[in-house]
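Student: Sequence and predicted structure below; questions after.
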Amino acid sequence: MIILSTLIISTVVCSGISIVFYSLYNGISPMPTSSKVKHQVLDVLSENETQGTIYELGSGWGTLAFAIAKRFPKCQVIAYENSLVPYIYTQIYKFFIRTNNLNIKRENFFNALLSQANTIVCYLSTDIMVRLQPKLASELQKETLVVTNTFALPSWTPQQTIETEDLYRTKIHIYVNQNKAKKNRR
Ligand SMILES: C[S@@+](CC[C@H](N)C(=O)[O-])C[C@H]1O[C@@H](n2cnc3c(N)ncnc32)[C@H](O)[C@@H]1O
């Protein structure tokens, strides 16, 4: 009994430390998208007739990634998450619900090449959007759809910004990349 409780307490403490470590490292915690915003993002993707490969940058506990994979079974969803605990949680969840069109990678998305994406979805932070913008500009193919939750790309002009009917009037920014990719091979 003592061994079991020690094991449980150690797991909880280590998980907490890991979550705090990666939140500080990334500059953002794995805070999930709310249900209203999730449905709004799914509707935006449907209205834009999303096809092909959808990348989610920073998938956290999988709130959006699983919902996107379910709504778009013909699309391949590739999600990146480098925080260990949320990543393990999503792998366990995926094992039980068997989502074949979702691939969650434990990787820093700044090290991944994004040129295969037809659509990018993310919910990050102001600082990360500043760093992400030049990467998107140099790697994305022309016409790639970029949907950002709350935080805008600082100098891209959104095609549309939608306000969700939630307490915070959360904004969803919709961009269509007009740049031609400079990098398209690894
Ligand atoms: C605010 S949460 C959003 C989670 C999920 N996308 C959602 O909407 O529910 C942001 C997530 O991005 C992850 N993240 C931030 N920077 C990252 C990076 N460079 N590579 C991989 N994951 C990152 C964080 O660990 C966190 O889980």
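Tutor: Perfect, thanks for sending it. Numbering: from 1, shown residues only.
Student: Contact residues of the protein facing the ligand?
Tutor: Counting by C-beta under 6 Å from any ligand atom, the chain comes close to the ligand at 22, 26, 28, 30-33, 56, 58-60, 63-64, 80-83, 86, 108-110, 123-124, 128. For every residue, glycine as well, the C-beta is placed using N, CA and C.
Student: Let me know the pLDDT of the closest residue to the ligand within the chain.
Tutor: Closest approach between the chain and the ligand, counting by C-beta to the nearest ligand atom: Gly58, at 2.1 Å. Listed pLDDT for Gly58 reads 98.
Student: Spell out which residues sit in contact with it, please.
Tutor: 26, 28, 80-81, 109, 122-124, 128 (C-beta atoms under 8 Å, 6 or more residues apart in numbering).
Student: Show me what the helix or strand containing Val12 is packed up against.
Tutor: Taking DSSP states H and E as the definition, one finds Val12 inside helix 2-26. With contacts taken as 3 or more C-beta pairs under 8 Å, 6 or more residues apart in numbering; DSSP states H and E, helix 2-26 sits against helix 84-97.
Student: what's the helix it packs on in contact with?
Tutor: In contact with helix 84-97 (C-beta under 8 Å, 6+ apart) are residues 15, 18-19, 22, 30, 59-62, 65-66, 79, 81, 102, 104, 106.
Student: May I see the ChimeraX selection of the buried members of those residues?
Tutor: With 16 or more other C-beta atoms under 10 Å as the criterion, this ChimeraX line picks the buried residues out of the contacts of helix 84-97:
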select :19,22,30,59,60,61,62,65,66,79,81,102,104
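Student: now, which of the contacts of helix 84-97 lie within strands?
Tutor: When DSSP state E is applied, these are split such that 79, 102, 104 fall in strands.
Student: so where is the protein shaky, pLDDT-wise?
Tutor: Within the chain, the ranges that satisfy pLDDT under 70 run 183-186.
Student: Checking my notes, Glu56 in a helix, right?
Tutor: No: using DSSP: H, G, I helix; E, B strand; the rest coil, the secondary structure at Glu56 is strand, not a helix.
Student: and it, what does it touch?
Tutor: Counted by C-beta under 8 Å, 6+ apart, Glu56 has contacts 64-65, 68, 77-80, 120-122.
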